[in-house]
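Asks: from the sequence below, what's the structure:
(2 chains)
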Amino acid sequence: MSPDHKDTLVKSSTRHTRAFKASRKRQLQNNLLLCVPALLVLALAAVGPLLIVLVYTFLEAGPYGGVVWQWSFEGWFEVFLKRDIFDGTVSIADAHLSIFWRSFKLSIQSTLLALVLGFPTAYFIATRPAATRNLWLFLITIPFWTNLLIRTFAIMQLIRDQGILNTLLIGFGVIDTPIEMLYTEFSIMLGMTYVYLPLMVLPLYASIEKLDFRLVEAAYDLYAGRLKVLFRIIVPLVKPGIVAGCILVFIPSLGAYVTPRVLGGGKNLMLGNLIELQFGQGRNWPLGAALSITLLCVVMISLLFYVRSTQRKEADRG
Amino acid sequence: MSVLRNARKLIVARAIAGNRHFAVRYLPGFSTIAVLCFVLLYAPIVALVIYSFNSGTNIALWEGFSLHWYTVAWENELVQEVTFRSLIVASMAAVTSTMLATMAALGTTRTGDYRGRMLIYATINQPLMVPEIVTGVALLIFFAIVKAFTGYHGLAYLIAAHTAFCIPFAYLPIRARLEGMDSSLETAAQDLYATPVKTFWRITLPLMWPGILAGFMLAFVISLDDVVITELVKSAGQDTLPTYMLGQLRRGITPEVNAISSALLGISILLVSLFFVLRNR
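Replies: Sure, this is the predicted structure:
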């Protein structure tokens, strides 16, 4: 090959790369342009407003709701503390603390109950023949896509004093007077478990489905009992799914608004109701904003754990 | 000797047969809990639907089959009004969010990785990560500012809010469809001198159509079912069907709300079933 010829070859190839680069750049610009409208709407009606909430936490509450543009830490102060109206002494806001505690307690309880119910269910679905598995999964997802309010409402009807459950129990002579279940913490816990159960089953199913049953067989061959196989082989192997499911139930439970409002009967407030109250009768927008940011932070931390658990799951798969 | 060999064979055969009967996947009690779980999941819903056909005013006491409460709900002008509003908001939000999500899906799939793509993903999925109550509060504050500046109090705020949180739901099935799509047909079209516009309308769009429809239906259902964000964003007299029902619950349960719930439940289940059919096509 003559040097001259080689030179033209190199030139044409650089021209080609340049053309390729230019077309790639154009494609990239097109891609970004395609995303702009969606991103704009989200920036205006999802991400941006969150930043305004953050600003509002540092403002003073207006007398009739809203805010006065005056810097103040009162919003954050009132999350945990309260000031006596008469002598100005500062003490811990036990009303808020008890609501935080209730939110955490009920969220953890419903997460655990959902795990106890959801694990066998996910296992059951994953061990069905492949042909029927999708049908079972479909049955789990259907309630999830139906209205949350209506499902809460259905639970309410079931456990009311004159509800179906109590009527049946009295009819069969099990009890004489109806058990009071509605408007208690128990009913909120039950409702949240019921409403968020599919969120537990789906990630659990995803990891049990990938479980290598040869390992289970090997354990049985080595004389392990059922319980030992469950807790020493199966549970450690599907742990990422357990973590994912627990977080997916815990997060919406913590911020739940509808379920505690309908099933708690207005006296068993949770964090979501406390926040809403500040923008309604409470007329304390900075406090509501500070509570929202607090909730958001807890959720973000939980999500970080979730991302880590799913990444580990992918790493395990190879 | 042969007797011994036969005996050994028998033992081995028995062991194998026994092994076949020993179900590795079986765990005692799991199936029972699973079946119980499905029953618990559906019992309240089924009870709700059955009792919506009850003719009596007491919801717990069965007094015979009738469509009475459906007629009562149907003829209630307030119910008509809020249903109409719900449908307007849901269709506007679903159409807009599906269009935006389709564009975004085209812009984020089937190209190499580029800088900022993760950021775009995070922004699109943001409504899924932030608790609804927080989004609702954020929009309440933001729209209060906008209202003070513009003096506009219409339905557009609700539609904008619904559009935003519907985008990720519309985006996910469309993106899934695009990722599973073979790009060789589009390359073939371009080889045959189709313009990019023509390729898009004649090849790409028809191929991704099931994904778009699935995304639209999901967005519609999500918008139709929303309570929390609507409750916080709506101005006075802008109730949608779910917030109207939430308000009604305060006055105690009426069989009328029961009937509306069942009807809404039916619509949701229908749309979601259609979604699954489309997704598996």
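Asks: could you use CA atoms for every contact and neighbour count after this?
Replies: Will do.
Asks: how about the residues of the stretch 51-200 of chain B by chain A?
Replies: Contact residues (CA under 8 Å from any CA of the partner chain) of the stretch 51-200 of chain B with chain A: B:60, B:97, B:100-101, B:103-108, B:114, B:120, B:123-124, B:126-127, B:129-135, B:137-139, B:141-142, B:160-161, B:163-165, B:167.
Asks: grab the nearest non-local neighbour of the residue in the stretch 101-250 of chain A positioned nearest to chain B.
Replies: Proximity of the stretch 101-250 of chain A to chain B (CA to the nearest CA) peaks at A:T121, 4.1 Å away. Take A:T121 and drop its neighbours on the chain: the residue closest to it by CA to CA, 6 or more residues apart in numbering or on different chains is B:A34, 4.1 Å away.
Asks: that neighbour is in what secondary structure piece?
Replies: helix B:30-52 (DSSP states H and E).
Asks: tell me which strands and helices that helix is in contact with?
Replies: helix A:94-126, helix A:130-145, helix A:148-159, helix B:255-279 (3 or more CA pairs under 8 Å, 6 or more residues apart in numbering or on different chains; DSSP states H and E).
Asks: measure how that helix sits relative to helix A:130-145, angle-wise.
Replies: Helix B:30-52 runs at 50 degrees relative to helix A:130-145, counting by axes from the mean of the first three to the mean of the last three CA atoms, to 10 degrees.
Asks: buried residues in helix B:30-52?
Replies: B:30-31, B:33-34, B:37, B:41-42, B:44-45, B:48-49, B:51-52 (16 or more other CA atoms under 10 Å in any protein chain shown).
Asks: just the element for the residue positioned nearest the centre of chain A, please.
Replies: Residue closest to the average C-alpha location in chain A (CA atoms, centre = their mean): A:I251, at 3.2 Å. Element membership of A:I251 [criterion: DSSP H and E] is helix A:239-254.
Asks: restrict that helix to CA atoms and write it as PDB.
Replies: Output of helix A:239-254 as PDB, limited to C-alpha atoms (Å, rounded to 0.1, in the frame of the first residue of the first chain):
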ATOM      1  CA  LYS A 239     -33.200 -12.300  51.800                       C
ATOM      2  CA  PRO A 240     -32.900  -9.500  49.200                       C
ATOM      3  CA  GLY A 241     -36.600 -10.200  48.300                       C
ATOM      4  CA  ILE A 242     -37.500 -10.100  51.900                       C
ATOM      5  CA  VAL A 243     -35.800  -6.800  52.500                       C
ATOM      6  CA  ALA A 244     -37.300  -5.300  49.300                       C
ATOM      7  CA  GLY A 245     -40.800  -6.500  50.200                       C
ATOM      8  CA  CYS A 246     -40.500  -5.200  53.800                       C
ATOM      9  CA  ILE A 247     -39.300  -1.800  52.600                       C
ATOM     10  CA  LEU A 248     -42.000  -1.600  49.900                       C
ATOM     11  CA  VAL A 249     -44.700  -2.200  52.600                       C
ATOM     12  CA  PHE A 250     -43.100   0.000  55.300                       C
ATOM     13  CA  ILE A 251     -42.700   3.100  53.200                       C
ATOM     14  CA  PRO A 252     -46.400   3.600  52.100                       C
ATOM     15  CA  SER A 253     -47.500   2.500  55.600                       C
ATOM     16  CA  LEU A 254     -45.400   5.200  57.200                       C
END
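Asks: quick one, it and helix A:94-126 angle?
Replies: Using the same axes, to 10 degrees: helix A:239-254 against helix A:94-126 is 140 degrees.
Asks: over to A:G266: give its phi and psi.
Replies: Dihedral pair for A:G266: phi 80, psi -10, per degrees, to the nearest 10.
Asks: again, but for A:M270
Replies: According to degrees, to the nearest 10, A:M270 has phi -120, psi 180.
Asks: picking up where we left off before, contacts only, for the residue nearest to the centre of chain A.
Replies: A:299, A:302, B:131 (CA atoms under 8 Å, 6 or more residues apart in numbering or on different chains).
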